[in-house]
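> Predicted coordinates and the sequence they were generated for:
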Amino acid sequence: MMVMTIAESVREMARRGELQTAAARAGKLRGARNRPTKLSLEIAREIRMSQNNMTKEAALRGVSRQAIGLVRAGKLWPEAANGASVFNWRPAA
């Protein structure tokens, strides 16, 4: 608990990201989607089909274990799922 003015409180909340608007979140998401990535649709499909454990697959692809887990769970590159098409996939909520 700290004693601070309203202006200081607002600045602190903004620093922590508590005041983000929907437009600001959408802008960050668009920016993240436009960055170059180490994974492609083909690589995501290979990851999903691979029998390697996450640690070995992550070292092989040069990404984190978390990225491998997200691909396999369908939260990252959901269109890489078996049987997926551009007509039936939805981004993770």
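Now that the structure is in, tell me what you want to look at. Small disclaimer: the values here were computed from a predicted structure and weren't measured.

> so the most centrally placed residue in the chain is in which element?
Nearest to the mean C-alpha position of the chain, by Cα atoms, centre = their mean, lies L76 at 6.3 Å. Counting by DSSP states H and E, no helix or strand carries L76.

> Okay, now the unreliable bits of the protein?
27-36, 82-93 (pLDDT under 70).

> Let's see that with 80 instead.
Within the chain, the ranges that satisfy pLDDT under 80 run 1, 17-37, 78-93.

> just the helices in it please.
6-15, 22-34, 41-49, 54-61, 65-73 (DSSP state H).

> Can you tell me which of those is most buried?
The highest mean neighbour count among the helices of the chain, using mean count of other Cβ atoms under 10 Å, belongs to helix 65-73: a mean of 18. For every residue, glycine as well, the C-beta is placed using N, CA and C.

> mind listing what the closest residue to I43 other than its chain neighbours touches?
Once flanking residues are discounted, I43 sits nearest to R61: 6.7 Å by Cβ to Cβ, 6 or more residues apart in numbering. Neighbour list for R61: 38-39, 43, 47, 67-68 [criterion: Cβ atoms under 8 Å, 6 or more residues apart in numbering].

> R11: which of the residues you listed is nearest?
A67 (33.7 Å; Cβ to Cβ).

> can you tell me how far the closest one sits from K56?
14 Å (Cβ to Cβ, to the nearest Å).

> Likewise for R48?
Counting by Cβ to Cβ, the gap from R48 to K56 is 15 Å.

> ok, now S50?
9 Å.

> what's the answer for Q66, then?
For Q66 relative to K56 (Cβ to Cβ), the value is 15 Å.

> Thanks again, I'm all set now.
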